[in-house]
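*Asks:* Here's a sequence, model it:
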Amino acid sequence: VSGGEDEIQQLQKALLDYLDENTETDASLVFSRKFYIAQWFRDTTMETEKAIKSQKDEDSSEGTHHAKDVETTGQIMHRAESRKTFLRSIIKTAPSQFSTLKMNSDTVDYEDACLIVRYLASMRPFAQSFDIYLTQ
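*Replies:* Numbering: from 1, shown residues only. Sure thing, here's the model as predicted:
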């Protein structure tokens, strides 16, 4: 995984597929699936707000507004909307329809799901700043 947006969405989809497949054996996975979707949606919103706020702070400190900044804000908004659209499409999909949309669910087992969860967790802000917290 190179860490691009498409790869992260593929990993998220694979994890959600795994959780959906195994809800019959463990009812708590239904909650886990909903939690992950809600958390990723919230993260997208928070990242977008922070990025836009930091750009506004840069604009006010410079005193002028550059076309490059507008383009970057547009890119941030487009990326956030594509993430949210992806998550909304998963939320709106009924469980019976979800099985027809599965991509690589037969290749994801428990160990792979654990690895995906660890990777996605490492992308979160707390995990990325853990060394700073540990140093302090």
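
*Asks:* need the contact list for residue 31.
*Replies:* Residues near residue 31 by CB atoms under 8 Å, 6 or more residues apart in numbering: none. Backbone N, C-alpha and C define where each C-beta goes, glycine included.

*Asks:* and it, which of the three is it?
*Replies:* helix (DSSP: H, G, I helix; E, B strand; the rest coil).

*Asks:* before we move on, what about residue 11?
*Replies:* Classified using three-state DSSP, residue 11 is helix.

*Asks:* My guess is it contacts residue 116. True?
*Replies:* Yes. With contact defined as CB atoms under 8 Å, residue 11 and residue 116 form a contacting pair (5.1 Å).

*Asks:* can you tell me the helix or strand for residue 75?
*Replies:* helix 67-92 (DSSP states H and E).

*Asks:* What ranges does the chain have for its helices?
*Replies:* For the chain, the helices defined by DSSP state H occupy 5-21, 28-62, 67-92, 95-98, 110-122, 125-128, 130-135.

*Asks:* Same list, these, but as a markdown table with mean pLDDT please.
*Replies:* Formatted as a markdown table, the helices of the chain follow (pLDDT from 0 to 100):
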| stretch | mean pLDDT |
| --- | --- |
| helix 5-21 | 86 |
| helix 28-62 | 84 |
| helix 67-92 | 79 |
| helix 95-98 | 49 |
| helix 110-122 | 86 |
| helix 125-128 | 68 |
| helix 130-135 | 74 |
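
*Asks:* which one of those helices is the most hemmed in?
*Replies:* Ranked by mean neighbour count, the helices of the chain are led by helix 5-21 with a mean of 18 (mean count of other CB atoms under 10 Å).

*Asks:* before we move on, the earlier item: which secondary structure elements does the helix holding residue 75 contact?
*Replies:* The contact analysis (3 or more CB pairs under 8 Å, 6 or more residues apart in numbering; DSSP states H and E) places helix 67-92 against helix 5-21, helix 28-62.
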